[in-house]
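K.L.:
I would like to see how this sequence folds:
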Amino acid sequence: MKAATLKKTRTQTTVVGRVDEQVYKVGIAVVGACSLAIGVWATIALVSGMVASGGPGALVANWFRAVIGS
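P.N.:
Numbers count the residues shown, from 1 in each chain. So this is what the prediction gives:
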């Protein structure tokens, strides 16, 4: 007769969140949100400038006049 041997194995997993990793994630999200807001604001400003000046060609011409001073 063969003798049966039982083998028990225990595995324990512990998850520990590090505070600095969470701060980095929040920081990246804040910088991304600010960059998005600045990009949206710049696009709105450019489009409104084109509308006010009469189109893209007029906007460029008015910009050169403003830079040159005439």
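
K.L.:
Quick one: mean pLDDT for stretch 6-25?
P.N.:
Stretch 6-25 comes out with an average pLDDT of 82.

K.L.:
gap between it and the chain center?
P.N.:
29 Å (C-alpha atoms, centre = their mean, to the nearest Å).

K.L.:
and what of stretch 24-43?
P.N.:
Using C-alpha atoms, centre = their mean, the offset of stretch 24-43 from its chain centre is 5 Å.

K.L.:
again, but for stretch 38-50
P.N.:
The answer for stretch 38-50 is 18 Å, by C-alpha atoms, centre = their mean.

K.L.:
can you list contacts of that stretch?
P.N.:
By C-beta atoms under 8 Å, 6 or more residues apart in numbering, the list of residues contacting stretch 38-50 from outside reads P56, A58, L59. In short, each C-beta sits where N, CA and C put it, glycine included.

K.L.:
which stretches of this structure form helices?
P.N.:
Using DSSP state H, the helices of the chain run over 19-53, 56-68.

K.L.:
quick one, what contacts the residue nearest the centre of the chain?
P.N.:
Centroid-nearest residue in the chain, with C-alpha atoms, centre = their mean: G32, separated by 2.6 Å. By C-beta under 8 Å, 6+ apart, the contact set of G32 is empty.

K.L.:
just to revisit the earlier point, could you check the helices of the chain and tell me which one is nearest A3?
P.N.:
Taking C-beta to C-beta, helix 19-53 is the member of the helices of the chain nearest to A3, at 50.3 Å.
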